[in-house]
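**Q** sequence and predicted structure are below.
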Amino acid sequence: MFHASGTHALNMDSQQYRIQGGNINIGAKDSTSQTFNLSTTLGQTAASQFEAQGYLIKAGFQYIHSIIPFTFAVSNGQISLGNIKPNTPSKATVKLTVSFGGAGEYQVSAAENGPLRTLDGTNIIPDTQCNGESEKCTEIKAARWNSQKAYGFGYSIKGDDIPSDFISPDHYRPFADGLQNEKPVIIMQSDNVIKKRESEITFKTNISRSQQIGIYQTIINFVAIPSF
């Protein structure tokens, strides 16, 4: 019989996220000798796999001990679309690389801090709707964007573990807008143990002749989350 005299929890916060843990480990250690390697953690109430209808819980960090650490890398933190000319699409690319060895899955999501806008905020390049009408794209549905008279800013993606609607290099989506309280959209996802998975994002913008001259910018937030 167990008697709990109190509870403990650990909060980890940033400006955008909070991670909550139900317990604090009371011990963790890697032990070695000439004949063995042993890694331990202590503190969970019970370490096991628990199942119920609709739920699967794997409790205890040692339930699966991964030899592949979770890593996420972006090849370039500052992307330039160059000097943009009317009716002439401008593109730039960046690579995303993920390694994951946990028992759950990983997700990479993306969102923008508003559309491309001038430094003073008075002019914007709106998010793309792709070719429009029957070929209109949304934050969660890619569509063809190959018309030089279809304007805006968006992205395409190719490579590993990407959404299935990016069926060709001409298929694009607009980014979810964090300033409009739109949720980041998953652009990579897998529950497989992987050493190295890569995707390439192509940023694209196209403007009309009436677009105001200026320096336009925005921030794209990539968030990589593992589950174990």
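**A** Okay, I see it. Keep in mind that this is a model prediction, so the values were computed, not measured. Numbers count the residues shown, from 1 in each chain.
**Q** okay, now the domains of the chain?
**A** Domain assignment of the chain by automatic domain parsing yields the ranges 10-63, 71-226.
**Q** would you single out the least confident of these?
**A** Among the domains of the chain, domain 10-63 carries the lowest mean pLDDT, a mean of 68.
**Q** for the nearest residue to Thr118 once chain neighbours are set aside, give me the backbone phi and psi.
**A** Spatial nearest neighbour of Thr118, chain neighbours left out: Gly214 (4.0 Å); criterion: CB to CB, 6 or more residues apart in numbering. The C-beta positions use only the backbone N, C-alpha and C, and glycine is treated the same way. Main-chain dihedrals, Gly214, degrees, to the nearest 10: phi 170, psi 180.
**Q** who's in contact with Gly214?
**A** The contact partners of Gly214, by CB atoms under 8 Å, 6 or more residues apart in numbering, come to 118-119, 123.
**Q** now do Ser147
**A** Residues in contact with Ser147 (CB under 8 Å, 6+ apart) are Asn131.
**Q** partner strands of the helix or strand Glu198 falls within and their direction?
**A** Using DSSP states H and E, Glu198 sits within strand 194-206. Using DSSP bridges, strand 194-206 pairs in its sheet with strand 90-100 (antiparallel), strand 152-159 (antiparallel).
**Q** what lies in contact with the last one?
**A** Same thing as strand 152-159. Contact with strand 152-159 is made by 96, 110, 115-116, 125-130, 137, 142, 145, 163, 166, 169-175, 187, 197-206, 218, as judged by CB under 8 Å, 6+ apart.
**Q** for Asn83, see how far away the residue nearest to Thr118 is.
**A** Per CB to CB, to the nearest Å, Gly214 is found 12 Å from Asn83.
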